[in-house]
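>>> quick one, fold the following:
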Amino acid sequence: MARNQAPSNVGPRYWTVPVGRALIALVPAVVITFNRDHSADLGLLVFGAFALASGLLLVLTGPRTLTVATDRSLFLIQGIVSLVAGGVALGFHSGGHGFFLFLVSVWGAVTGFLEIYAGIRIRKRALPAKDWLFTGIGAAVLALLFLLLPPNPVVSVGLFGAYLVFLVVFLPIAGLSLKWDAPRQRRDNADPAQTVPTSTAPNDSDSL
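Numbering: from 1, shown residues only. Okay, the predicted model is just below:
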């Protein structure tokens, strides 16, 4: 007897990953929002802590909650890139505004591309495809704005804070939607072999 098909490329506990990412983004978002100091030094410290924690979460939870090897590899690479970027930011937190722009731009471009690619690759068959696309586009847009806008520490750190607020708002909705939608998807994908046939047995008159 065939087993029921999984509703997506993620396991039943994957919803905790986007919720965890949102919780990690909450503290730096609050720090930037309610802090008058929008210097590059603060930006590097906040980004470094955020990237380190996010990377650690992806490295530890990605292999356990994703069911497809390619997806696990993509998110593992994303986690490693975040760990490296976070470590560099904290190690050189006095590197100045230009260094902050460069580091966050590179991080946003790389991680954004990886998440966009992951979303496009599974867009027709997995639940979190749109979530990955939105978060990937958010990181890519952040990197693009850092490259196009005039170099101003207040603007740059403020934009990074706005990106964090986007994660705080969007990711819990995405995670809880996955949690609530998974049971319905499992019912919809129930094994057809287990369905009771609706045809009736032939009448006695048919055998005459």
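>>> just for this protein, where's the confidence low?
1-8, 124-126, 181-208 (pLDDT under 70).
>>> who are the packing partners of the helix of greatest length in the chain?
Longest helix in the chain, counting residues (DSSP state H): helix 153-188. When contacts are defined as 3 or more CB pairs under 8 Å, 6 or more residues apart in numbering; DSSP states H and E, helix 153-188 sits against helix 16-33, helix 40-65, helix 97-121, helix 129-148. Using the backbone N, CA and C atoms, a C-beta is placed for each residue, glycine as well.
>>> if you count neighbours, what's buried in that helix?
Under the neighbour-count criterion of 16 or more other CB atoms under 10 Å, helix 153-188 has 153, 156-157, 159-161, 163-168, 170-172, 174-175, 177-179, 182 buried.
>>> and for stretch 57-73?
Leu57, Leu58, Val59, Thr61, Gly62, Thr65, Leu66, Val68, Asp71, Arg72.
>>> got it, and stretch 36-43?
Those would be His38, Ser39, Ala40, Asp41, Leu42, Gly43, for stretch 36-43 by 16+ other CB under 10 Å.
>>> which non-adjacent residue is nearest the third one?
Spatial nearest neighbour of Ala40, excluding adjacent residues (CB to CB, 6 or more residues apart in numbering): His97 at 3.9 Å.
>>> and if you look at the second one?
Counting by CB to CB, 6+ apart, Pro153 is the residue found nearest to Ser39 once chain neighbours are left out, at 5.6 Å.
>>> hang on, that neighbour packs against Ile32?
No - applying CB atoms under 8 Å as the test, Pro153 and Ile32 come out as separate, 11.8 Å apart.
>>> what sits in contact with each of those two?
His38, Gly43 (CB atoms under 8 Å, 6 or more residues apart in numbering).
>>> give me the contact list for stretch 154-163.
So stretch 154-163 is in contact with 28-29, 32-33, 38-40, 42-43, 46-47, 97, 100-101, 104, 138-139, 142, 145-146, 149, going by CB under 8 Å, 6+ apart.
>>> ok, of those, which come out buried?
28-29, 32, 38-40, 42-43, 46-47, 97, 100-101, 104, 138-139, 142, 145-146.
>>> stretch 12-21: end-to-end distance?
17 Å (CA to CA, to the nearest Å).
>>> flag every buried residue along that stretch.
Pro12, Tyr14, Trp15, Thr16, Val17, Pro18, Val19, Gly20, Arg21.
>>> list the contacts of Lys130.
Lys130 sits in contact with Gly119, Arg123, where contact means CB under 8 Å, 6+ apart.
>>> ok, now how distant is it from Gly119?
7 Å (CB to CB, to the nearest Å).
>>> Ala40 too?
32 Å.
>>> contacts only, for the spatially closest residue to His93 that is not a sequence neighbour.
Nearest residue to His93, sequence neighbours excluded (CB to CB, 6+ apart): Leu44, at 4.3 Å. By CB under 8 Å, 6+ apart, the residues touching Leu44 are Ala89, Leu90, Phe92, His93, Ser94, Gly95, Phe99, Phe100, Leu103.
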